[in-house]
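A.B. asks: coords please:
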Amino acid sequence: MLKKLPNILPLLCFFGVGFTPIPAYSQQLSVTPLVIERQAESGQARGVIDVSNASDKPFRARVSVAPFTYSREGLKVLESSPNDLTPYLVFSPRELVIAPGETRSIRFNARLLPSLPQGEYRAMFSIEELTENNDSTAENEVSLAVTIVSTIFVRNGELAPILKVENAFYDAKAKEIRLLVNNTGKATTRAKTEWNLSQNGKPVNSGKLEETTIIAEGDRYIRIAYPPQGKTLTPGTYQFSGQLKWDFPNKGGILPFNVNFSVSQEDINTETKPSQTPRR
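C.D. replies: Numbers count the residues shown, from 1 in each chain. Just a heads-up that it's a prediction; the model follows:
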């Protein structure tokens, strides 16, 4: 039985939703690929994860796994889930030492039970550093430190995402345009966003956003930082249009959107006020 994640804080930091900075040492470690997608064949799916050590000291590591999902706001680690892949995963090796400047490969095999219903099964794969514990009173000889992770998706059956844009609004405190996208399909996808902003028929700005994960049978805010440095917003109604693009295995998708949102004078005042709470 693989060990479940004992502490999700380093993991959340990796995905940009935590508050504790990652040590410089961990920034010299990398896992590829960060996202793994597999179609189960005869109830099995295999893959390889590479872990590289660009630091100047050996990295002793252990594999851990946990179920997860994405909420509207982002990554969410779970205690349990009907889409949990972790009970069906086998890794080789489970513990390893990576010498400075080297890359080691970890192979995995997902063995799904024949009784499992069709659907998408997910796991967060974590490589945790094992460090020597000098506390003579401690029961364990090692402790856990740096965590780096990737995500594994295994699809059992012919599944596909079905995306729909619900609405958009302006979050003045976060200085973001938020586009709510719903995925009623049974497969997760990652969509790129191309957007145009106009007011009273006149172009205001445009841009592109890299992939945002939209979980199967869930929804997600696509968050676009706005306004850019040196730009301001004026009150009124804005037209927000563009398209979402995603590359699902063997077939991609394009979804045009055209929605309106309003910016009030209060939003402008909030947006220009200095923050009362320091960002952590």
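A.B. asks: isn't there a helix covering residue 270?
C.D. replies: Yes - Residue 270: assigned to a helix according to DSSP: H, G, I helix; E, B strand; the rest coil.
A.B. asks: how many neighbours does it have?
C.D. replies: 13 (other CB atoms under 10 Å). (Each C-beta comes from the backbone N, C-alpha and C, glycine too.)
A.B. asks: gap between it and residue 174?
C.D. replies: 10 Å (CB to CB, to the nearest Å).
A.B. asks: so where's the stretch 101-250 of the chain uncertain?
C.D. replies: 132-147, 250 (pLDDT under 70).
A.B. asks: tell me where it has strands.
C.D. replies: 103-111, 119-132, 142-156, 163-171, 176-183, 189-199, 202-214, 218-225, 236-248 (DSSP state E, counting those that start in this stretch).
A.B. asks: ok, now which ones touch the closest residue to residue 84 other than its chain neighbours?
C.D. replies: Nearest residue to residue 84, sequence neighbours excluded (CB to CB, 6 or more residues apart in numbering): residue 67, at 4.0 Å. Counting by CB atoms under 8 Å, 6 or more residues apart in numbering, residue 67 touches 77, 78, 79, 80, 81, 83, 84, 85, 86, 122, 123, 124.
A.B. asks: can you do 10 Å?
C.D. replies: 4-5, 76-87, 121-124 (CB atoms under 10 Å, 6 or more residues apart in numbering).
A.B. asks: of those, buried ones?
C.D. replies: Of the members of those, the ones counted as buried by neighbours, 16 or more other CB atoms under 10 Å, are 5, 76, 77, 81, 83, 84, 85, 86, 121, 122, 123, 124.
A.B. asks: hmm, the fourth one is touching residue 121, no?
C.D. replies: Read it as residue 81. Yes - counting by CB atoms under 10 Å, residue 121 is a contact partner of residue 81 at 9.0 Å.
A.B. asks: measure the residue nearest to residue 84 to residue 83 for me?
C.D. replies: 7 Å.
A.B. asks: find residues that contact each of those two.
C.D. replies: Common neighbours of residue 67 and residue 83 (CB under 10 Å, 6+ apart) are 121, 122, 123.
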